[in-house]
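>>> Fold the following.
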Amino acid sequence: MRTVLFHAKAQSCERRRKENCRQLSSPLRLRLYLCAFARNAFLLLAFAIIANAQVKPSDYTRTEAMIPMRDGVRLYTTIDAPATSTQPLPILLLRTPYGLGQLTAEQIATALTELSSDGYILVRQDIRGRFKSEGEFVMLRQPRDPKDAKAIDESTDTYDTIEYLLKKVPNNNGRVGMAGTSYGAWLSVMGMLDPHPALKAVVQQASPADMWIGDDFHHNGAFRLSYGFEYAYMMESGKEIADVTKVVDKLDAYEWYLKLGPLANADQKYFQGKIPTWTAFVNEPDYTAFWKRQAFAPWLNRVTVPTLNVAGWWDQEDFYGPIKIYELLERHDTVKQNFLVVGPWNHGGWSRGEGSKLGRIDFGSATAAHYRRNILAPFFAYYLKGQGAAQRPEAMTFRTGENKWVEHAAWPPKQNIAERKLYFQAGKKLSFTPPPANEPNAAADSYVSDPASPVPYRPRPIQVRSGWPVWLVEDQRFVDGRPDVLTFESDTLTEDVTVAGRIIANLFASTSGTDSDWIVKVIDVYPDKYEPDASMSGFQLMIAGDVVRGRYLKSFEKAEPLTANAVYHYQIAFPANDHTFKQGHRIMVQVQSTWFPVIDRNPQTFVLNIFRAKESDFKPATQKVFRAGKQASYIALPIEVK
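Predicted coordinates for the structure are as follows:
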């Protein structure tokens, strides 16, 4: 849910950003770029639109307001409008929990100059309880009970803000758009649950949709330790942003979290019951009504305004969310107002720079600039100004590997797609041919998973000031060959293999313990001699990776122990993919049981609540992955048929 840095050329702006971000921890670094000016991501976007219409930064006038909500709480708001406009302009509203910061004329003039339009009124607001706004902050405040006339939530605050703006801001055209990234995107979605009639368009970029199933705090019930710990501390230690490096103070965060020991030590040593979100983690370890009510599934039962859903293939925080929101809305989209865009970006990568590379991966074109210029700007221009054409593709994805934009009539694609099974084979091989019929059902590969020596999720030292934004595109050779990681690999591909849709890992596996995590990664292995760039030879690029926690195999709502050494069928459905494994490449699958500290350590001994586990509960376990007969593990791939 971290927000994003928008590219700006001004050196003074860059110096301020570096100063404000110097103390940030790794999973929070990108989010806290926001603290200086990047939290104002859409402010920069809007001003860039205006700047291209030859409106000078000096033409803007700023008004500050404490806007009253229906319960009397006042929210700090800034309103920036071009004084020279000769026609009414729409309002772009950005609400944030991260503070508004300061923007100079130079920053405004140099931001996102590829966008073109004739002006917007830009409104930014601290949500209740944050920075200069009054009231109490509640992390991801749950939607109100509609039967309670006095109840408030982020939807009512949005409604009241828009009502005020329409009456008080001169020269507006009566149309409002909302946009945001991460938490800001979540606030935008909340704003359209019960929208003000003037809300005409929403762009949600990487909004979380379910914090237990697949977004920031958990994946399939497995706790995202380093993220959950640091974000909760950062947001709830005070009204403004707290410096988590005062707590996570080692060069190697892996070492710090391992030394922390069982999760119960976090409260005992650091939080003392004063961080509400951490308390919720402890008290609500399963998929309870607390998490379900906070998720969007019960609430997104209609399309209220035109919505552009934006995601990045390597979003290290909220990839599940925007895909899920699109899917939920699509069930009710009878008038074609719900759209999807997925590009080759990390969290917020669509909003800054050109987007031609991520880490060492080169996409061959300016994907982020293309999105802002050819997708985002026309979307707002049409719905807020009545300019341009109404027709746009249902879904547009950037096909990695092939490095091109592809339009789809539906997502996931339905035409020219055939599911094929990629089987685990003897000798650590992968093949589309089923295992031999005469191979014994007990055929398996094994490893020992030791919670005392977990597999790191990225190369050590996991430095708290670098690496988080690009860890999903790290070369996976850093774990290939570890004794607690199984690696299966196909032969060299003789033709391109394009997967478009949802990849599903099907793992038949057992553990000698009574609980277990299973992590599956699908990887594109570059040729041993990669002619376009020799430094990328043999590179292992993860295109999908996620975790499932064994205790929730039968039910997310009630954890149950596994039977030691029993074989279970686990499924991991990755949210979405559109990738071409090129001829000459190989397909690899890695299987492991720890991914630390992005995922907390499973004790591998069943306990009712892992947040209350003791050190003595953590024990090594022998893990087996089966590959024959009815227990043949495989990856289900939605392959495009030429």
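>>> Could you pull out the helices in the stretch 101-250 of the chain for me?
105-110, 154-168, 183-191, 225-236 (DSSP state H, counting those that start in this stretch).
>>> Tell me which of these approaches residue 93 most closely.
Among the helices of the stretch 101-250 of the chain, helix 154-168 comes nearest to residue 93, with 6.9 Å by Cβ to Cβ. Where you see a C-beta, it was placed from the backbone N, CA and C, and this is true even at glycine.
>>> which stretches of the protein have low pLDDT?
Residue ranges of the chain with pLDDT under 70: 1-60, 103-118.
>>> how is it carved up into domains?
Split into domains by automatic domain parsing, the chain comes to 11-213+292-408, 218-291, 417-640.
>>> With mean neighbour count as new columns, can those be given to me in CSV?
Formatted as CSV, these follow (neighbours: other Cβ atoms under 10 Å):
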stretch, mean neighbour count
domain 11-213+292-408, 20
domain 218-291, 19
domain 417-640, 19
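>>> Name the nearest residue to residue 287, sequence neighbours excluded.
Excluding the flanking residues, the one nearest residue 287 by Cβ to Cβ, 6 or more residues apart in numbering is residue 556, at 3.7 Å.
>>> That neighbour: what's it in contact with?
Contact partners of residue 556, counting by Cβ atoms under 8 Å, 6 or more residues apart in numbering, are 212, 213, 220, 221, 286, 287.
>>> Now do residue 62 against residue 92, distance only.
15 Å (Cβ to Cβ, to the nearest Å).
>>> And the closest residue in space to residue 596 that isn't next to it in sequence, how far from residue 508?
Nearest non-adjacent residue to residue 596, counting by Cβ to Cβ, 6+ apart: residue 454, 3.6 Å away. To residue 508, residue 454 is 23 Å away according to Cβ to Cβ.
>>> And for residue 149?
Residue 149 is 54 Å from residue 508, by Cβ to Cβ.
>>> Helix or strand: which one has the residue nearest to the spatial centre of the chain?
Nearest to the mean C-alpha position of the chain, by Cα atoms, centre = their mean, lies residue 318 at 1.3 Å. Per DSSP states H and E: residue 318 is located in neither a helix nor a strand.
>>> quick one: contacts for the closest residue to it other than its chain neighbours?
Take residue 318 and drop its neighbours on the chain: the residue closest to it by Cβ to Cβ, 6+ apart is residue 206, 4.3 Å away. Counting by Cβ under 8 Å, 6+ apart, residue 206 touches 181-182, 185, 310-312, 315, 317-319, 321-322, 347-348.
>>> The residue nearest to residue 596: what secondary structure?
Put simply, residue 454 is coil when judged by DSSP: H, G, I helix; E, B strand; the rest coil.
>>> need the contact list for it.
Residue 454 sits in contact with 258, 594, 595, 596, 597, 601, where contact means Cβ under 8 Å, 6+ apart.
>>> Apply 10 Å and report the result again.
254, 257-258, 484, 517, 592-597, 599-602 (Cβ atoms under 10 Å, 6 or more residues apart in numbering).
>>> Which of those fall in strands?
517, 592 (DSSP state E).
>>> So which of the contacts of residue 454 is the closest to residue 363?
Once Cβ to Cβ is applied, the member of those that ends up nearest residue 363 is residue 595, at 26.1 Å.
>>> Could you report the separation of the closest one from residue 542?
From residue 595 to residue 542 the distance is 12 Å (Cβ to Cβ).
>>> which residues do the two both contact?
Counting by Cβ under 10 Å, 6+ apart, the shared contacts of residue 595 and residue 542 are residue 521.
>>> how near is the closest residue to residue 198 other than its chain neighbours to residue 387?
Spatially, and ignoring its direct neighbours in sequence, residue 198 is nearest to residue 176 (4.9 Å; Cβ to Cβ, 6+ apart). Counting by Cβ to Cβ, the gap from residue 176 to residue 387 is 16 Å.
>>> pretty sure residue 453 is touching residue 618, no?
No: with contact defined as Cβ atoms under 10 Å, residue 453 does not count as touching residue 618 (11.0 Å).
>>> Relative to residue 581, which of the helices of the stretch 101-250 of the chain is closest?
helix 225-236 (29.8 Å).
>>> on contacts alone, who are the packing partners of the closest one?
Counting contacts by 3 or more Cβ pairs under 10 Å, 6 or more residues apart in numbering; DSSP states H and E, helix 225-236 packs against helix 26-36, helix 253-260, helix 264-266, helix 276-283.
>>> again, only this time at 7 Å
Judged by 3 or more Cβ pairs under 7 Å, 6 or more residues apart in numbering; DSSP states H and E, the packing partners of helix 225-236 are helix 26-36, helix 253-260, helix 276-283.
>>> Using CSV, write out every CA atom in the last one.
As requested, the backbone C-alpha atoms of helix 276-283 are provided in CSV (Å, rounded to 0.1, in the frame of the first residue of the first chain):
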residue,chain,number,x,y,z
PRO,A,276,-3.8,-1.6,16.8
THR,A,277,-3.1,-3.3,13.5
TRP,A,278,-0.5,-5.6,15.1
THR,A,279,-3.0,-6.4,17.8
ALA,A,280,-5.5,-7.3,15.1
PHE,A,281,-2.8,-9.6,13.5
VAL,A,282,-2.4,-11.4,16.8
ASN,A,283,-6.1,-11.6,17.7
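>>> quick one: it to helix 225-236, angle?
Inter-element angle recorded for helix 276-283 and helix 225-236: 140 degrees (by axes from the mean of the first three to the mean of the last three Cα atoms, to 10 degrees).
>>> one step back: show me what contacts the residue nearest to residue 198?
Contact analysis of residue 176 by Cβ atoms under 7 Å, 6 or more residues apart in numbering lists 90, 91, 93, 162, 198, 199, 200.
>>> The last one touches residue 384, doesn't it?
Yes: taking Cβ atoms under 7 Å as the contact criterion, residue 200 and residue 384 are neighbours in contact, 5.9 Å apart.
>>> Identify the contacts common to these two.
Common contacts of residue 200 and residue 384, defined by Cβ under 7 Å, 6+ apart, comprise 175, 177.
>>> Quick check: residue 254 vs residue 516, distance?
Using Cβ to Cβ, residue 254 is found at 21 Å from residue 516.
>>> Break down the stretch 51-200 of the chain into its strands, ranges please.
Here the stretch 51-200 of the chain has its strands, by DSSP state E, counting those that start in this stretch, at 60-68, 74-82, 89-96, 121-126, 172-181, 199-205.
>>> Let's have those in CSV, adding distance to residue 583.
CSV is the format used below for those (distance: least, Cβ to Cβ, whole Å):
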stretch, distance to residue 583
strand 60-68, 53
strand 74-82, 52
strand 89-96, 45
strand 121-126, 48
strand 172-181, 36
strand 199-205, 34
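>>> what's the residue of the chain most remote from its centre in contact with, if anything?
For the chain, the residue at maximal distance from the C-alpha centroid (Cα atoms, centre = their mean) is residue 438, at 44.0 Å. Not one residue lies near residue 438 by Cβ under 7 Å, 6+ apart.
>>> you'd agree it is in a helix?
No: secondary structure of residue 438 (three-state DSSP): coil, not part of a helix.
>>> Hmm, residue 263 is touching residue 602, no?
No: using Cβ under 7 Å, residue 263 is not in contact with residue 602, being 11.2 Å away.
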